[in-house]
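# Quick one: sequence and predicted model below, then my questions.
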Amino acid sequence: MTNTQLNTKNIFTNFPDVVKVKDLQKMLGIGRNLAYVLINKNEIKSIKSGNLILIPKQNVIDYLNKGGDKNE
């Protein structure tokens, strides 16, 4: 199976470098519950600051490049 890497230069250009959960939902086209599942299972790495969850955009790209492979 070929591992296709995303073109990180042009992906998610209308989002800031650090996004919130609502932005993550829009980026991936997922619901709130799944967004929190991905964050809580550390499949998408995030930073918690008080009650605020911040997600570096690069972590979302890394998750997509990983392709859901749990062996990495």
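Looks like it arrived, so ask away. Numbers count the residues shown, from 1 in each chain.
# Now do the SS call for the spatially most central residue of the chain.
For the chain, the residue nearest the mean C-alpha position is residue 60 (2.4 Å; C-alpha atoms, centre = their mean). Three-state assignment for residue 60 (DSSP: H, G, I helix; E, B strand; the rest coil): helix.
# OK, contacts around it?
12, 19, 24, 27, 28, 44 (C-beta atoms under 8 Å, 6 or more residues apart in numbering). All C-beta spots, glycine's among them, are computed from the backbone N, C-alpha and C.
# now with 6 Å?
Contacts for residue 60 (C-beta atoms under 6 Å, 6 or more residues apart in numbering) come out as residue 27.
# Please state the mean pLDDT value computed over stretch 17-27.
For stretch 17-27, the mean pLDDT works out to 98.
# and that stretch, how far from the chain's centre?
Mean-position distance between stretch 17-27 and its chain equals 8 Å (C-alpha atoms, centre = their mean, to the nearest Å).
# Output that stretch in CSV with nothing but the alpha carbons.
Written as CSV, here are the backbone C-alpha positions of stretch 17-27 (Å, rounded to 0.1, in the frame of the first residue of the first chain):
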residue,chain,number,x,y,z
ASP,A,17,-1.8,27.7,12.9
VAL,A,18,-3.6,26.8,16.2
VAL,A,19,-7.2,25.8,16.0
LYS,A,20,-10.0,25.0,18.5
VAL,A,21,-12.3,22.0,18.5
LYS,A,22,-14.9,23.8,16.4
ASP,A,23,-12.3,24.4,13.7
LEU,A,24,-11.2,20.8,13.9
GLN,A,25,-14.8,19.8,13.2
LYS,A,26,-14.9,22.0,10.1
MET,A,27,-11.4,20.8,8.9
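# I am finished for the moment; much appreciated.
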